[in-house]
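> Sequence below, structure please.
(chains A and B)
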There are 2 protein chains.
Amino acid sequence: MRNLMVLGKLAFAGLLALSLVACGGSEKAEDTAKVEKKAETIHWKMVTTWPKNFPGLGTGAEALAKNIKAMSNGRLDIKVYAAGELVPALEVFDAVSRGTAEMGHSASYYWKGKVPAAQFFTTVPFGLTALEFNAWIEFGGGLKLWEEIYAPFNLIPMPAGNPGVQMGGWFNKEINSLADFQGLKMRMPGLGGEVLKKVGASPINLPGSEIFTALQTGTIDATEWVGPYNDLAFGLYKAAKYYYYPGWHEPGSAVEAIFNKDAFNALPSDLQAIVRSAVQQANLSMLSEFTARNNAALQTLVNEHHVILKPYPQDLLLALKKASDETLEEVAANDPESQKVYDSFKKFLDSVSAWHDVSERAFINARAGE
Amino acid sequence: MRNLMVLGKLAFAGLLALSLVACGGSEKAEDTAKVEKKAETIHWKMVTTWPKNFPGLGTGAEALAKNIKAMSNGRLDIKVYAAGELVPALEVFDAVSRGTAEMGHSASYYWKGKVPAAQFFTTVPFGLTALEFNAWIEFGGGLKLWEEIYAPFNLIPMPAGNPGVQMGGWFNKEINSLADFQGLKMRMPGLGGEVLKKVGASPINLPGSEIFTALQTGTIDATEWVGPYNDLAFGLYKAAKYYYYPGWHEPGSAVEAIFNKDAFNALPSDLQAIVRSAVQQANLSMLSEFTARNNAALQTLVNEHHVILKPYPQDLLLALKKASDETLEEVAANDPESQKVYDSFKKFLDSVSAWHDVSERAFINARAGE
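Numbers count the residues shown, from 1 in each chain, chains lettered A, B, ... in the order given. Model prediction:
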């Protein structure tokens, strides 16, 4: 890592030198700081895991770059690359680590092969909601741990958005009890897939591009995707008619912004503060956008496309919850870093659940008359 | 308002002129824009409704000013005034409107005497949670309406924080049914108080400073305040031992940042973008802070101070919900502006409730095993 850091610092020093030359040499020495400020335009690349203009995610990355440019009066100009434009979707982590791009927009659970503990910083089955996750990150010690596990890769992480609680998934048959999950072939990557195995189903890992055909031809019986806003755009209602809730496997999937540490540290402190604020602004905006737009999409699915909306049966949810707890314990036992993150995560989850039992949960049940 | 606006613009032009003089006159004319940028430090005053360093609220205002200073590299320097330091707590609206201060940090429901529709932009009984409120504001048309109703006062509003769902309140006796609310003297200002009247209780309006003694001496039977984090600090457990939930009357009380329109519009566009981002950053941070801290305070209240934590009885909640709906309809019927805001609010509430029934609510109930 040391070589990488030196390289990054050298590259940035070169950029500064160039900008000074571009200003001309007529200013006095004591004005150098001001000259740098005036003339310096820093050009960054942001690589992302999303297709161009993917609703909420690709558009969120573009909005973030635009806000940073506006706040910095053009001093930090970030060009956004869709998946595959500069590097493939799942090479964002490596590209930012080595400095090919200064910044990335993705999700931490894609990197579990390199950093198993990273998956706690997107979402886990029966884990934290978006509201709770943000509280853990900023005021519960979460961010410090996330920074620690990314530090060896020369990366700085920040939460940059969240679509909220997802839907359970699309099924080509009715699910009436746990028994209906036996042998069920369901597309579900990651920890959710591990949980499915424990309750007798067969998780299938398919890229997004193959899901529709697999579901339509019966190669799979079911799939999860995101929520109504994205699922409607994807057309999944044409391949399956049962739409189950809630998304126990992804209760609030955090999007991450990652920064090459040398590039970030080389920014003047005002630009660092601008970047941090813009990322937090994006974090709340994305959640608000999905919260506002999901119901309209859900109504379209139900009323125009005659999707049958159903809750998962209670015995199935209880079995999934038990299997999820076991799965998380196993992940934690796998390596000391995962155990350390899980311990913090679990402590926060237990505490915030107790608080939300008497606040959020009690309130929204009372509002619903229950 | 016209005169005020003209005055504001003139005052700002004067400030700019002064800053130009301060820079000296040796720069070329075409460099004027750069000179302004380099030399100009804008000094603002922020008046607030909170006591100095009041947890979450006063501290939130200070953090906001600090972030804006860091992001602007000191170009926008905002001095924060606690309640009474420059103007009394409840004169924030007027002070910012007339330009005594460029910015305020308060809550919109304090201004219902001047702008009845303003109370929809803090919180209303059985209304939107913090998550839902932010979605209505940014993606459901809420902010546009808020800006419209504040425009005649030369003010620009933005949501700047939220403590989340509050607690129901402190009682000196057990509440087992709606019958126990008959004649009950409870401190509850605003719309919650109107709702109490409809179910047979007697709402009492007392300033914060008088609550403790009134509860201890039996002048009132019950009071609401905020949530565990603030209630513990306030020592209310020494005056009553029953602590009821949920806070049906304030499910997510938005803090507002208000700006004198002339002062805001006179900012260069990068500083405007910085202010907007910093306010949004503060908005999410405050919610995260309360979410993270309330449970620890709740456990202290229950385990160390032997507070008895109880849910409101179901028949009482149903009666309060019905009375709340009636109260909001009455407020809306009161003036066309309130009706317009209520229509937008109600449409969003119905839509987001339907979505959260299958997402947030279904998930957190499933996580709790229910």
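> How about the contacts made by the spatially closest residue to A:Leu284 that is not a sequence neighbour?
Using Cβ to Cβ, 6 or more residues apart in numbering or on different chains and skipping the chain neighbours, the partner closest in space to A:Leu284 is B:Leu284 (4.3 Å). To be clear about C-beta, it is placed using only N, CA and C from the backbone, and glycine gets the same treatment. Listed by Cβ atoms under 8 Å, 6 or more residues apart in numbering or on different chains, the contact set of B:Leu284 reads A:134, A:280, A:283-284.
> now swap in A:Phe121 and tell me
Applying Cβ under 8 Å, 6+ apart to A:Phe121 gives the contacts A:108-109, A:142, A:146, A:157, A:159, A:254, A:256, A:341.
> just A:Tyr243 next, same as before
With Cβ under 8 Å, 6+ apart, A:Tyr243 has these contacts: A:167-171, A:231, A:237, A:301, A:307-310.
> just to revisit the earlier point, pull out the buried members of the contacts of B:Leu284.
Neighbour counting by 16 or more other Cβ atoms under 10 Å in any protein chain shown classes A:134, A:280, A:283-284 among the contacts of B:Leu284 as buried.
> Which of the residues you listed fall in helices?
Among the buried ones among the contacts of B:Leu284, DSSP state H puts A:134, A:280, A:283-284 in helices.
> hey, where'd the strands end up in the stretch 201-350 of chain A?
A:202-204, A:222-223, A:242-245, A:255-260, A:308-311 (DSSP state E, counting those that start in this stretch).
> ditto for the stretch 51-200 of chain A
Counting by DSSP E, counting those that start in this stretch, the stretch 51-200 of chain A has these strands, from start to end: A:76-81, A:103-106, A:155-161, A:169-171, A:185-187.
> mind checking which of these is nearest chain B?
In terms of Cβ to the nearest Cβ, the element of these nearest to chain B is strand A:155-161, at 9.7 Å.
> The closest one and chain B, are they touching?
No - Strand A:155-161 does not reach chain B (Cβ under 8 Å from any Cβ of the partner chain); its nearest approach is 9.7 Å.
> on that earlier part again, TSV for the contacts of B:Leu284, including pLDDT?
Below are these laid out as TSV (pLDDT from 0 to 100):
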residue	pLDDT
A:Asn134	98
A:Gln280	98
A:Asn283	98
A:Leu284	98
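> now those residues in CSV, with distance to A:Val115?
Shown next, in CSV, are these (distance: Cβ to Cβ, whole Å):
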residue, distance to A:Val115
A:Asn134, 21
A:Gln280, 23
A:Asn283, 21
A:Leu284, 26
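> thought A:Lys340 was touching A:Ala117?
Yes - counting by Cβ atoms under 8 Å, A:Lys340 touches A:Ala117, with 7.4 Å between them.
> neighbour-wise, which of those two wins?
Shown here are A:Lys340 and A:Ala117; by other Cβ atoms under 10 Å in any protein chain shown, A:Ala117 has more neighbours (26 against 15).
> Quick check: the more buried one vs B:Phe345, distance?
A:Ala117 is 42 Å from B:Phe345, where distance means Cβ to Cβ, to the nearest Å.
> between the buried ones among the contacts of B:Leu284, which is closest to A:Gly183?
Nearest to A:Gly183 among the buried ones among the contacts of B:Leu284, counting by Cβ to Cβ, is A:Asn134 at 38.3 Å.
> Might you report the residue contacts of that closest one?
If a contact means Cβ under 8 Å, 6+ apart, then A:Asn134 has A:159, A:162, A:283, B:284, B:287-288, B:291 as its contacts.
> between the residues you listed, which has the most around it?
Ranked by the number of neighbours (other Cβ under 10 Å), those place B:Thr291 first, at 31 neighbours.
> That one and B:Gly227: what is the separation?
B:Thr291 is 10 Å from B:Gly227, by Cβ to Cβ.
> on that earlier part again, lowest-confidence one in the contacts of A:Phe121?
Ranked by pLDDT, those bottom out at A:Tyr109, which has 93.
> wait, doesn't it sit right on A:Val115?
No - A:Tyr109 is not in contact with A:Val115 according to Cβ under 8 Å; the separation is 10.0 Å.
> tell me, what's touching these two both at once?
Counting by Cβ under 8 Å, 6+ apart, nothing touches both A:Tyr109 and A:Val115.
> and the residue nearest the centre of chain A, bridged to which residues?
In chain A, the centroid-proximal residue (Cα atoms, centre = their mean) is A:Val255; its distance is 2.2 Å. Under DSSP bridges, the beta-bridge partners of A:Val255 are A:Gly161.
> Distance check, it against chain B.
Counting by Cβ to the nearest Cβ, to the nearest Å, the gap from A:Val255 to chain B is 14 Å.
> from what I can see that residue touches A:Met286, true?
Yes - assessed by Cβ under 8 Å, A:Val255 is found in contact with A:Met286 at 6.8 Å.
> Give me the common contacts of those two.
By Cβ under 8 Å, 6+ apart, A:Val255 and A:Met286 have these common neighbours: A:57, A:60, A:160-162.
> mind putting these in JSON lines, pLDDT and distance to B:Ala70 included?
Listed next are the shared contacts of A:Val255 and A:Met286 as JSON lines, based on pLDDT from 0 to 100; distance: Cβ to Cβ, whole Å:
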{"residue": "A:Leu57", "pLDDT": "92", "distance to B:Ala70": "29"}
{"residue": "A:Gly60", "pLDDT": "95", "distance to B:Ala70": "24"}
{"residue": "A:Ala160", "pLDDT": "98", "distance to B:Ala70": "20"}
{"residue": "A:Gly161", "pLDDT": "98", "distance to B:Ala70": "23"}
{"residue": "A:Asn162", "pLDDT": "97", "distance to B:Ala70": "25"}
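> Please identify the one among the residues you listed that lies nearest to A:Leu267.
Distance to A:Leu267, by Cβ to Cβ, is smallest for A:Ala160 among those, at 17.0 Å.
> Quick one: name the residues of the stretch 1-150 of chain A near chain B.
So far as Cβ under 8 Å from any Cβ goes, the stretch 1-150 of chain A lies against chain B at A:34, A:37-38, A:67, A:70-73, A:126, A:129-132, A:134-140.
> Which ChimeraX command selects the buried ones in these?
Here is the ChimeraX command that selects the buried residues among these (16+ other Cβ under 10 Å):
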select /A:38,67,70,71,72,73,126,129,130,131,132,134,135,136,137,138,139,140
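> That's all I had, so thanks and see you.
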